[in-house]
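>>> Quick one, what's the 3D model for this:
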Amino acid sequence: MPVGCSRTVICRCSTTSGPTSSAGSCGRACSLRTSEFLWQEGHTAHETEEEALAETLTILHDVYADMIENVLAIPVLRGRKSESERFPGAVDSYTLEALMRDGKALQAATSHYLGQGFARTFDVRYTDRDGSEQYPYATSWGEHSAGRRRRDGAR
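Residues are numbered from 1 along each chain as shown. Predicted coordinates:
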């Protein structure tokens, strides 16, 4: 799975702009901060709910948790986000949390089961084996560099 560099635009006004915008809601130019925050994310679409949910959990446990714990040697707690913490529009959101020295948790990775909500909202369809159009069941997942920092603060 390739890991890419994403450039995040940070606006210094009260509202941040989107990742591809160059000005915030205040109209001022925003700074481009690429050395501080790298992330990797993915999205999949599936024929069945079971396949999508299995992919959601496979990415969380077999890809992200495995890498963070066995390659980076950072222990993580696995969990399910509460309804108020869930990714907007997701049916369920799952998380890997790393504990910091001060006792706070840092979200190291998330994996979301989106159901058919996004497909219906954006009219994403596929043609099934019988030739009829269907809405796929979707997933979305990601991890970021904040979860990959060494315990001494170095990258």
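
>>> Now tell me what touches stretch 52-70 from outside.
1, 42, 44-46, 74-76, 78, 92, 94, 96, 98, 108-115, 136-139, 141, 143, 147-148 (C-beta atoms under 8 Å, 6 or more residues apart in numbering). The way it works is simple: take the backbone N, C-alpha and C, and place the C-beta from them, glycine included.

>>> For the helix or strand that contains Ala108, list every residue counted as buried.
Using DSSP states H and E, the element containing Ala108 is strand 105-115. For strand 105-115, the buried set under the neighbour-count rule, 16 or more other C-beta atoms under 10 Å, comprises 107-115.

>>> Tell me where this protein has strands.
Here the chain has its strands, by DSSP state E, at 8-10, 31-33, 39-46, 77-80, 92-99, 105-115, 126-127, 133-134, 137-144.

>>> Make TSV from these and add distance to His61 and mean pLDDT to it.
As requested, the strands of the chain are exported to TSV (distance: least, C-beta to C-beta, whole Å; pLDDT from 0 to 100):
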stretch	distance to His61	mean pLDDT
strand 8-10	27	39
strand 31-33	31	45
strand 39-46	15	90
strand 77-80	7	95
strand 92-99	9	94
strand 105-115	9	93
strand 126-127	27	96
strand 133-134	28	97
strand 137-144	11	91
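
>>> Phe118 - how many residues pack around it?
20 (other C-beta atoms under 10 Å).

>>> What is the burial count for Ala138?
When neighbours are defined as other C-beta under 10 Å, Ala138 has 25 of them.

>>> same deal with the one 3 residues further on?
Under the neighbour criterion other C-beta under 10 Å, Trp141 is assigned a count of 24.

>>> other SSEs contacting the strand holding Ala108?
Strand 105-115 makes packing contacts with helix 49-58, strand 92-99, strand 137-144 when contacts are defined by 3 or more C-beta pairs under 8 Å, 6 or more residues apart in numbering; DSSP states H and E.

>>> Need the mean per-residue confidence for whichever helix or strand comes after the longest one.
Downstream of helix 49-58, the first helix or strand assigned by DSSP H and E is helix 66. Per-residue pLDDT over helix 66 has a mean of 94.

>>> Use 59 as the first number for this chain going forward.
All right, first residue 59 from here; so that's helix 124.

>>> domains for the protein, by residue range?
59-95, 99-206 (automatic domain parsing).
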